[in-house]
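J.: need a structure here:
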Amino acid sequence: MSVNRREFFIQTAVAGAAVAAGAGAMVGSRARAAEGEGEVVLKLSSQEGIIPGRDLKEKLANMEKWGFEGIEFWGDANRTKQIREALAGSKIKVSAICAGYGGCLMSEDESKRKQAFDDIKKILVMAGELKSTGLIVVPAFNNQMKLSFLEGQKLLAQQLPELGDWAAKNGTRILLEPLNKGEAMFLRQLAVAACLCRALDNPGIAMMGDFYHMNLEEKDDYHAFLDAGTYLHHVHLASRERNLPGQDDRSFVNGFRGLKKIGYRDYCSLECGVKGDKMVEIPKAVEFLRRQWEEAKP
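T.: This next block holds a predicted model:
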């Protein structure tokens with residue numbers, strides 16, 4: 001597909017996705033039958049920094065004891081060997097790699113775009129070697145882009161296909177993350193990200209959802225995940241106040257219903273603060289999430 005056609009499809013997708021989201025259209029929904037069989041289960045993960053422990057091995061031991069299955073790392077390619085060695089004796093697998101790159105793909109500054117592009121390629125190699133589901137990428141935070149949406153979309157259209165091809169070559173994905181408008185304006189709803197994934201039609205380009213941002217931007221968790229459909233390959237967990245699930249009145253049942261409905265088989269990972277003693281509060285959050293998962297009926 002030529003760059004001009006790609007730009008047109010991305011512009012059309014982003015422009016139309018807000019209408020689709022407002023109407024509750026299931027823009028990304030497709031069956032996941034080919035991706036797995038049997039019951040959909042809750043696979044809990046956490047970002048490394050949330051888990052207590054003197055070193056990575058102790059963190060992994062605590063995670064196993066508490067019932068986690070995955071761990072999410074910051075994108076530091078220099079740690080690949082260390083992480084691989086620590087995981088060798090553990091049941092914990094790598095879920096996603098979270099950012100870690102410099103620059104910005106939608107910056108008006110060519111050097112910053114190049115920095116982001118080159119860094120992302122390096123971290124995608126790390127993600128592939130660790131068998132991660134993908135690298136979390138925010139196209140631009142609010143303070144990183146001075147261009148118009150149209151100009152920014154053109155830059156993204158020029159870069160994402162090559163990055164997606166590189167991700168797929170390395171056996172992983174780019175995970176586009178929608179954020180709330182206080183942090184980013186380009187991607188805010190899961191329907192928009194799903195339309196962008198559909199327009200790009202690249203196996204190396206997928207998306208994720210974050211319960212904290214969804215609480216601020218989505219009308220309904222259930223339909224937001226239906227909008228994401230098979231493009232969804234990672235989920236972040238946080239309460240309304242961005243603390244551990246269960247530490248305020250934020251319910252995850254409706255969202256979990258949506259994940260079950262689309263046959264979601266990747267990880268749900270803690271990205272949040274912790275009020276209180278981590279050794280006490282994190283196991284409580286795990287129990288809370290498993291209860292909410294059981295309550296969720298698709």
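
J.: Quick check: which ranges of this structure have low pLDDT?
T.: 1-38 (pLDDT under 70).

J.: 90 instead?
T.: For the chain, applying pLDDT under 90 flags the ranges 1-39, 89, 145, 147-150, 152-153, 185-186, 297-298.

J.: And the strands in it, which stretches?
T.: 43-47, 70-74, 93-98, 134-137, 174-176, 205-210, 232-237, 267-270 (DSSP state E).

J.: mind checking which of those is nearest Pro283?
T.: strand 43-47 (11.3 Å; Cβ to Cβ). The C-beta positions use only the backbone N, C-alpha and C, and glycine is treated the same way.

J.: Out of the strands of the chain, flag the one nearest Lys57.
T.: Going by Cβ to Cβ, the one of the strands of the chain nearest Lys57 is strand 70-74, 11.8 Å.

J.: Can you list the strands that that closest one pairs with?
T.: strand 43-47 (parallel), strand 93-98 (parallel) (DSSP bridges).

J.: mind listing what's buried in that strand?
T.: Neighbour-count burial for strand 70-74, counted by 16 or more other Cβ atoms under 10 Å, picks out 70-73.

J.: how about TSV for the residues you listed, with distance to Val280 added?
T.: TSV is the format used below for those (distance: Cβ to Cβ, whole Å):
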residue	distance to Val280
Gly70	22
Ile71	20
Glu72	22
Phe73	25
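
J.: Return the member of these nearest to Val253.
T.: Nearest member of the buried residues of strand 70-74 to Val253, counting by Cβ to Cβ, is Gly70, at 21.6 Å.

J.: so who does the closest one touch?
T.: Going by Cβ atoms under 8 Å, 6 or more residues apart in numbering, Gly70 touches 43-46, 92-95, 267, 269.

J.: which among the residues you listed end up buried?
T.: Using 16+ other Cβ under 10 Å as the burial test, the contacts of Gly70 include 43-46, 92-95, 267, 269 as buried.

J.: out of the residues you listed, who's nearest His213?
T.: Checking these against His213 with Cβ to Cβ, the nearest one is Ser269 at 13.9 Å.

J.: Bridge partners for the nearest residue to that closest one once chain neighbours are set aside, pull those for me.
T.: Distances taken as Cβ to Cβ, 6 or more residues apart in numbering put Ser45 closest to Ser269, at 3.7 Å, once the chain neighbours are dropped. On the basis of DSSP bridges, Ser45 is bridged to Gly70, Ser269.

J.: If anything else comes up later, I'll come back, but that's it for now.
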